[in-house]
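**Student:** Here is my input, please return the structure:
(one chain, ligands or ions: 2)
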Amino acid sequence: MSESILNVQNLSTRFFTSEGQVNAVSDLSLSIEQGEVFGIVGESGSGKSVTALSLMDLVESPGQITSGSIEYRKPSLAEDLAADYPDAVDGEFVDLLDVPESIWDSLRGTSFSMIFQDPESSFNPSLTVGEQIAEAVEVQRRASANPRSTRARTGGDMYSFSNYLVSGVLPSKQFVTDDSTDRAVELLEQVGIPDPVERADQYPNEFSGGMLQRAMIAQALAGEPDVLIADEPTTALDVTIQAQILDLLSDLQAETGMTILLITHNLGVIARMCDRVGVMYAGEIVEQGTLEDVFDRPVHPYTKGLLGSVPDLDTMGDRLTPIPGNVPSLLDHEMDDRCYFADRCPKAMEACLEHPSMNEANDSPNHEARCVLTDLTYSEDLALPADYFADDASPTDVRPVAGRDADSQAVDTATGRSVASDSPPSEGANSGETNE
Ligand SMILES: Nc1ncnc2c1ncn2[C@@H]1O[C@H](COP(=O)(O)OP(=O)(O)OP(=O)(O)O)[C@@H](O)[C@H]1O
Ligand code: NI
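**Tutor:** Ligands and ions are numbered 1, 2, ... in the order given. All right, here's what the predicted structure looks like:
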């Protein structure tokens, strides 16, 4: 088993809205191994994107990471920061929540990159695609050419304060050189764009959706990131193009050895791409393990529900099976301190009225579920009465929280169908998703 590159512990991200505190991500722990594809799956509004944005330090006001640690393994970074930030460094790991934000932000693009469902948001319409990729290349080059003292000798690190300044403040275009333009063309070629020289001179609106998606991937690769976070990277594309983009990601991973965190609604995408998977519900990971652990031997009734009645990797459809009931409100004052899934769970028992911890599942060391069924066998005697939750704010009362109208469309309150389609849920409220 290889080493982990990212250890997230007890991460919580909240939005402080006029309607109250939204617990978008709660007590989330996961560990991603170097070179693997880790998938996150879950219904709309379960906190997948906010998790991704949290890892990139892209959560915007009124959102805030309120607790936890994000430990990133980068020996040279750890060595360089050990003297100034001893509390943040643990061996080869650096807790990104324990170093100045400027340092964390300088890792964006170089250590961590992100691609989105909607490539338009990553490109400025008034600059050519080539210029924008060249700019990303240049930002990375300048950063690595201005390392902090000790880095000059060991070379190759790009997290200096100057990088922060370059990426945050300086206008585009100014830094594009012949070299970086050549590299941009190489990157376009690497992501399978035909006629890359001509394409580099075109504007984003001259690209098809699939081609722009490739260009966004090229842009994300410009800084040679260790970790690529892909949030629904193929959801907006038609099936053939989806498959091509997934193949591209696999090929690039094989070439570069990068680690991928892949967020998707699509179970087929998870099954095809991921080594391990985490299932999110109501801001928490409720089950995680290897693909086989989670898909072939699920323990949490939510996971089973999503997979449908035939949890079989080979015959499974691409879509999440709709589960009766609605995703819960994540407003703190509307959340009871119980299992958040209990009101929709076919196996809800009295024990579920207490919030479950994450427990080992199936005696398999890396398979965990946040469910009493890890230790308890379901029995009718222990079951909650069928109408137990009937008096709660009925599911149809669940309103989307501020700024997320998309979620109201994502759940059909009349049928209680949760989002299972490939219709792109708009991420407009997360304006942090636009790259600078
Ligand atoms: N800017 C914001 N202000 C307030 N609440 C927000 C904001 N952004 C996200 N949220 C809330 O955080 C929760 C998690 O949202 P998130 O976008 O992470 O869900 P998701 O799992 O990515 O869903 P989808 O599959 O629809 O993309 C939701 O309840 C959402 O309403
Ligand atoms: Ni999302």
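**Student:** just checking, E19 touches L330?
**Tutor:** No - at 10.7 Å, E19 does not count as touching L330 under the criterion of Cβ atoms under 8 Å. Every residue, glycine included, has its C-beta placed from N, CA and C.
**Student:** measure the nearest residue to M349 once chain neighbours are set aside to V372 for me?
**Tutor:** Closest residue to M349 apart from its sequence neighbours, by Cβ to Cβ, 6 or more residues apart in numbering: L382 at 4.3 Å. Counting by Cβ to Cβ, to the nearest Å, the separation of L382 from V372 is 9 Å.
**Student:** who touches both of these two?
**Tutor:** Shared contacts of L382 and V372, defined by Cβ atoms under 8 Å, 6 or more residues apart in numbering, are found at 349, 351.
**Student:** More neighbours: E19 and L330, which one.
**Tutor:** Higher neighbour count among E19 and L330: L330, with 27 against 16, using other Cβ atoms under 10 Å.
**Student:** Enumerate every residue touching the more buried one.
**Tutor:** 22-24, 45, 47, 282-283, 401.
**Student:** hang on, the earlier thing: among L382 and V372, which residue is more densely surrounded?
**Tutor:** Each of L382 and V372 has its neighbours counted (other Cβ under 10 Å); V372 has more, 22 against 15.
**Student:** wait, isn't that one in contact with C339?
**Tutor:** Yes - the pair V372 / C339 is scored as a contact, 7.4 Å apart, by Cβ under 8 Å.
**Student:** Overlap in contacts, those two.
**Tutor:** Listed as contacting both V372 and C339 by Cβ under 8 Å, 6+ apart are 352, 356.
**Student:** Can you find the residue of this protein that comes nearest to ligand 2?
**Tutor:** S49 (3.1 Å; Cβ to the ion).
**Student:** for the record, mean pLDDT for the regular element (helix or strand) spanning that residue?
**Tutor:** Take DSSP states H and E as the rule and S49 turns out to sit in helix 48-55. The average pLDDT within helix 48-55 is 97.
**Student:** Quick check: which helices or strands does that helix pack against?
**Tutor:** Under the contact criterion of 3 or more Cβ pairs under 8 Å, 6 or more residues apart in numbering; DSSP states H and E, helix 48-55 touches strand 4-17, strand 20-33, strand 37-41, strand 63-73, strand 227-231, strand 259-263.
**Student:** Those into TSV, with extra columns for distance to I115?
**Tutor:** Converted to TSV, those look like this (distance: least, Cβ to Cβ, whole Å):
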stretch	distance to I115
strand 4-17	17
strand 20-33	16
strand 37-41	14
strand 63-73	19
strand 227-231	5
strand 259-263	10
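**Student:** These: which one's closest to L291?
**Tutor:** Evaluated over those, closeness to L291 peaks at strand 37-41, with 7.8 Å, by Cβ to Cβ.
**Student:** hmm, who's touching that closest one?
**Tutor:** 30, 32, 48, 51-52, 253, 259-265, 267, 269-270, 273-280, 285, 291, 306, 320.
**Student:** Where does the prediction get shaky in the stretch 201-350 of the chain?
**Tutor:** For the stretch 201-350 of the chain, the stretches flagged by pLDDT under 70 are 309-318.
**Student:** If we only consider the contacts of L330, which is nearest to ligand 1?
**Tutor:** Of all those, ligand 1 sits closest to A24, with 3.3 Å by Cβ to the nearest ligand atom.
**Student:** Provide the count of other residues in contact range of the closest one.
**Tutor:** For A24, the count of nearby residues is 25 (other Cβ under 10 Å).
**Student:** ok, and the closest non-adjacent residue to it?
**Tutor:** That would be V50: by Cβ to Cβ, 6+ apart, it lies 4.2 Å from A24.
**Student:** what about the one you found, distance to ligand 1?
**Tutor:** V50 sits 3 Å away from ligand 1, taking Cβ to the nearest ligand atom, to the nearest Å as the criterion.
**Student:** what's the burial count for that residue?
**Tutor:** 27.
**Student:** residues contacting the residue nearest the centre of the chain?
**Tutor:** Closest to where the C-alpha atoms of the chain average out (Cα atoms, centre = their mean) is A52, at 3.3 Å. Listed by Cβ under 8 Å, 6+ apart, the contact set of A52 reads 40, 114, 229, 231, 261, 263.
**Student:** Wait, the fifth one touches P233, no?
**Tutor:** So that's L261. No - using Cβ under 8 Å, L261 is not in contact with P233; the gap is 11.0 Å.
**Student:** between these two, which one's more packed in?
**Tutor:** Legend: neighbour count by other Cβ under 10 Å for L261 and P233, higher for P233 (28 against 25).
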